[in-house]
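A.B. asks: Here is a sequence together with a model predicted from it:
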Amino acid sequence: SVLNTLVSLRRSGYDLALITEIAQDKPGEILRECCNSERIRLPYFMNNETGKTALAFAKLDAQRNASYSFYKAYPQKRYEGFTIPEFGKTSFIFCFGSCYAIDPQLQPVLQSIKEAALAAKTILFFDPNIRSGKISEAQHAYLRQHFLDAHIIRASDEDMKSLFNEKDVDKMYAKIAPKADKL
């Protein structure tokens, strides 16, 4: 979901970089080629040497409802030696979400990135992209904090139903409403 957002922003003329893990496998090669062709820089990618590039597939049924399959084989230690990006005059938005937003192992790295971005007055754009209600209470706590920290939230009705068991738009908004005084 974050890469899709970055592609849209890049096609609108913004200079972008992707923070991610990419393995030395065929999906990783395809991802690097996609970023290169879209002119999305990869200065912060972590070279996943012992795992595999994570994949997500969506299958549409006859009513065009999606079901998802995820394939992940991460290395035991992740983001070891990672350098936090320097946010500043040219960095005005940090997009994050999806599996990274609820992975307990990545919370210290994600929190450090968010703190650096907020200190530089960078906008936080959060896309939870969580289609399954099968997440732990700790993961719900991470999501609640991300909702509170974000300036912009892009959540689908599926996300909200899955995360909060809510269908009413006003009630959904009350649960995730960004605070106007964040910047």
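C.D. replies: Noted; the coordinates are in hand.

A.B. asks: CA atoms for contacts and neighbours, from now on please.
C.D. replies: Fine.

A.B. asks: in the sheet, who's paired with F125?
C.D. replies: The partner list for F125 in beta bridges (DSSP bridges) reads C95, I152.

A.B. asks: my read: it touches I153, true?
C.D. replies: Yes. The pair F125 / I153 is scored as a contact, 5.9 Å apart, by CA atoms under 8 Å.

A.B. asks: need the strands for this protein, in chain order.
C.D. replies: 16-17, 21-23, 40-41, 46-48, 52-60, 66-73, 93-97, 123-127, 152-153 (DSSP state E).

A.B. asks: And those: which comes nearest P108?
C.D. replies: Closest of the strands of the chain to P108 is strand 93-97, at 14.0 Å (criterion: CA to CA).

A.B. asks: Now tell me what touches stretch 42-58 from outside.
C.D. replies: Outside stretch 42-58, the residues that touch it by CA atoms under 8 Å, 6 or more residues apart in numbering are 17-25, 27-28, 32, 35, 66-75, 79, 82-83, 85.

A.B. asks: got the buried residues for it?
C.D. replies: Neighbour counts over stretch 42-58 (16 or more other CA atoms under 10 Å) mark 45-48, 51-53 as buried.

A.B. asks: which one of the residues you listed is nearest V7?
C.D. replies: The nearest member of the buried residues of stretch 42-58 to V7, counting by CA to CA, is F45 at 16.4 Å.
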